[in-house]
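Asker: got a predicted model here, sequence first, then my questions.
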Amino acid sequence: MAEKRSVRLVLADDHALVLEGLSALLAAESDLNVVATATDGERLLDALRRFRPDVAVLDLQMPYMDGLTCLQHLRAEGLPVRVLVLSAFGDAHSLRAAVEGGADGFALKTDPPQLTVTAIRQVAAGQMVFPQAARRWLTPSPPSDSDLLSEREQAVLALVAEGKSNAQIAQALGLSENTVKFHLRNLFTKLGVTNRTAAAAQYHRRS
Amino acid sequence: MSDRDLAARRLLVVTEEELQHLVLDIHDGPVQNLFAALSQLSLLRARMAALSEAPIECAPALTRAIGLLELSLNDIRSLIGAFHAPEFAGRGLAEIIEDLAVQHETLTGGAVALEIVNPLPVAPLTVKIALYRILQEALSNIHRHAGVNAAAVRAWAEGERLCLEVADAGRGFQPPPLSGPEATERHEHIGLRGMRERAALVNGEICVDSRPGRGTRVRAEIPLNG
């Protein structure tokens, strides 16, 4: 029987006890697999490049490179990883920065850890996990040519928003992967975004 | 500006900085440890539940301990987390107000209808802190006392003054006098007094308009130059 592939995770937090606790908790979840941990932003980036995980869970406050700078780097590099910010603070400034930085979700250390586990699964499944009140920032000013996406581009965008890979999109639409990449590049340009997460965010806003 | 005024304003900024240190220390220490402890206990609970012969007499104590730790984290968030202020320097008043409205919605599940009536001018640090804390107290009062979870916030500039109005359609109350010889010093009015004093520090005024059953409207007017 084909076993469902487990979600590969990298955790980053400068509090060793948090890493230890969360790792232990996640180790008991059969569908989640922690492949690496990091205690600062630079090591997190190294781990992401090396292990190519599905989801990165990161704290905002970290030495050497904080979580937000890290987020910028990994988005600029186009690392195909979903990002769940795990913060002690739920203040609006942190939330806004996470949303605008292209994170996929936000979980709080003042909530029970089980909620973090749930948020990891949701983010891995392609959902955007933010408090209702913060969703306004998922909807920045709409691009003027947003209605100019071709039917094909709209179909590709819908699948990107579901968290599908290029290969899966190619298969679903009966296209080659190169054609999918071509459409992606065009729709990124039209939407004024540079990565899939931001494109997905725009899609969720428009629909 | 008199030496006394200057000293009062410096104190406002220093107090704010000290408060931020305290808030950061608590989030950098106890919050992290509580979260880590809860992770371990949750794991333990899951392991125990999976045992074929679980020591059932242990489960209630474990569940109780987990509940208490969760409660502590929740308390920290609502009592102290709310005092985590934004970087006031370098951020505009409109953005600071909007962030606070969103934060309030996130923490309380309530709704804040926010209207920035006209572009707000650049305000000095002391004025930003005063308006932020006044808005925070007003929203908190609605959440705790008004019996409704909707608030309307308006901010605008009027000549050389900044105005902030926070209104609700809740149960209202008989507001005590905030100035003059009859001004309230009663303990239960500590929040109102706090707002009055924060406004006074920057030469502003607070006006509370309320009656039982008729909602509440708090209006702050602060001179732009503090």
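Answerer: Received the coordinates, thanks.

Asker: okay, domains of the chain per the record?
Answerer: Picked chain A for this. If you go by automatic domain parsing, the domain ranges for chain A are A:7-137, A:146-206.

Asker: chain B was what I was after
Answerer: Split by automatic domain parsing, chain B gives B:3-79, B:91-223.

Asker: between the ones you listed, which gets the lowest average pLDDT?
Answerer: For the domains of chain B, mean pLDDT drops lowest on domain B:3-79, to a mean of 87.

Asker: ok, the residue nearest the centre of chain B - contacts?
Answerer: Compute the mean C-alpha point of chain B, and by C-alpha atoms, centre = their mean the closest residue is B:Gln136, 3.6 Å away. Contact partners of B:Gln136, counting by C-beta atoms under 8 Å, 6 or more residues apart in numbering or on different chains, are B:82, B:100, B:104. Any C-beta I mention is one placed from the backbone N, CA and C, and that applies to glycine too.

Asker: report the buried residues of the strand or helix carrying it.
Answerer: Using DSSP states H and E, B:Gln136 sits in helix B:125-141. Going by neighbour count (16 or more other C-beta atoms under 10 Å in any protein chain shown), the buried part of helix B:125-141 is B:126-141.

Asker: hey, where'd the strands end up in chain A?
Answerer: Applying DSSP state E to chain A gives strands spanning A:7-12, A:32-38, A:55-58, A:82-87, A:105-108.

Asker: do the third one and chain B meet?
Answerer: No. Under the criterion of C-beta under 8 Å from any C-beta of the partner chain, strand A:55-58 makes no contact with chain B; the nearest approach is 12.3 Å.

Asker: and that strand, what other elements does it pack with?
Answerer: Judged by 3 or more C-beta pairs under 8 Å, 6 or more residues apart in numbering or on different chains; DSSP states H and E, strand A:55-58 is in contact with strand A:7-12, helix A:41-51, helix A:67-76, strand A:82-87, helix A:113-124.

Asker: switch to 10 Å and redo it
Answerer: Judged by 3 or more C-beta pairs under 10 Å, 6 or more residues apart in numbering or on different chains; DSSP states H and E, the packing partners of strand A:55-58 are strand A:7-12, helix A:16-27, strand A:32-38, helix A:41-51, helix A:67-76, strand A:82-87, strand A:105-108, helix A:113-124.

Asker: next up, the contacts around residue 94.
Answerer: All of this refers to chain A. Taking C-beta atoms under 10 Å, 6 or more residues apart in numbering or on different chains, we find A:Ser94 in contact with A:60-61, A:67-68, A:85, A:87-88, A:106, A:108, A:134, B:84, B:86, B:99, B:103.

Asker: not quite, go with chain B.
Answerer: Counting by C-beta under 10 Å, 6+ apart, B:Ala94 has contacts B:114, B:116, B:119-120, B:155.

Asker: state which helix of the chain is the longest.
Answerer: Using chain A. For chain A, the helix that runs over the most residues, judged by DSSP state H, is helix A:177-191.

Asker: to clarify, I was referring to chain B.
Answerer: From DSSP H, the single longest helix across chain B is helix B:3-28.
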